[in-house]
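Novice: Provide a 3D model corresponding to the input given below.
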Amino acid sequence: MRICDKTSVSSRLVRLARGTALPCGRAGHRRTAFEDTVVGRRVVISSDGGRIRLRETKRGPKTKKGRRRYTGAWCEPKVLIVYVVDAEGQQESRFAPFIDATLKGPDAVFALLRTYLQRLEITQADHGLFIADGAPWI
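Specialist: Numbers count the residues shown, from 1 in each chain. Just a heads-up that it's a prediction; the model follows:
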């Protein structure tokens, strides 16, 4: 299955995002450099499912405009976000939130979450708030 070709905008964004991450010890994984700390702060961790379509090229003739036909199967990526809020519950602009997602399933997203929380040293935060919608996989 081919999700995007090399000239598409999506692949250019992926290459750009790969350039901003630092290499990690294991192959295929990236290490993000966190410039700020969560010591003495309120950290919000949220997880939810999204909805995307994965393109798969169809066999057969091209359209009148010369484009390839495709089918788009719906898939649910598992998404997580971690950010810091102040005493009033407003998101702090000094701490850059991070968002990550995977199509591999709930075990993979919780492995990502564990990695991020260890790198942030979440045990030094004042409060940790977990937000979720109660889906069966959470």
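
Novice: Tell me the confidence at Leu80?
Specialist: Here, the pLDDT recorded for Leu80 equals 91.

Novice: Excluding chain neighbours, give the residue nearest to it in space.
Specialist: Using C-beta to C-beta, 6 or more residues apart in numbering and skipping residues adjacent in sequence, the residue nearest Leu80 is Ser47, 4.6 Å away. Yep, even glycine has a C-beta here, placed from its N, CA and C like the rest.

Novice: For that neighbour, list the residues it contacts.
Specialist: Lys78, Val79, Leu80, Ile81, Val109, Leu113, Ile131, Ala132, Ile138 (C-beta atoms under 8 Å, 6 or more residues apart in numbering).

Novice: Return the distance of it relative to Val84.
Specialist: Applying C-beta to C-beta, to the nearest Å, the value for Ser47 to Val84 is 17 Å.

Novice: Tell me the one among the contacts of Ser47 nearest to Glu121.
Specialist: Nearest to Glu121 among the contacts of Ser47: Leu113, at 14.3 Å, using C-beta to C-beta.

Novice: Write down the beta-bridge partners of the most centrally placed residue in the chain, one by one.
Specialist: Nearest residue to the geometric centre of the chain (C-alpha atoms, centre = their mean): Asp100, 1.7 Å. Judged by DSSP bridges, the bridge partners of Asp100 are Leu80.
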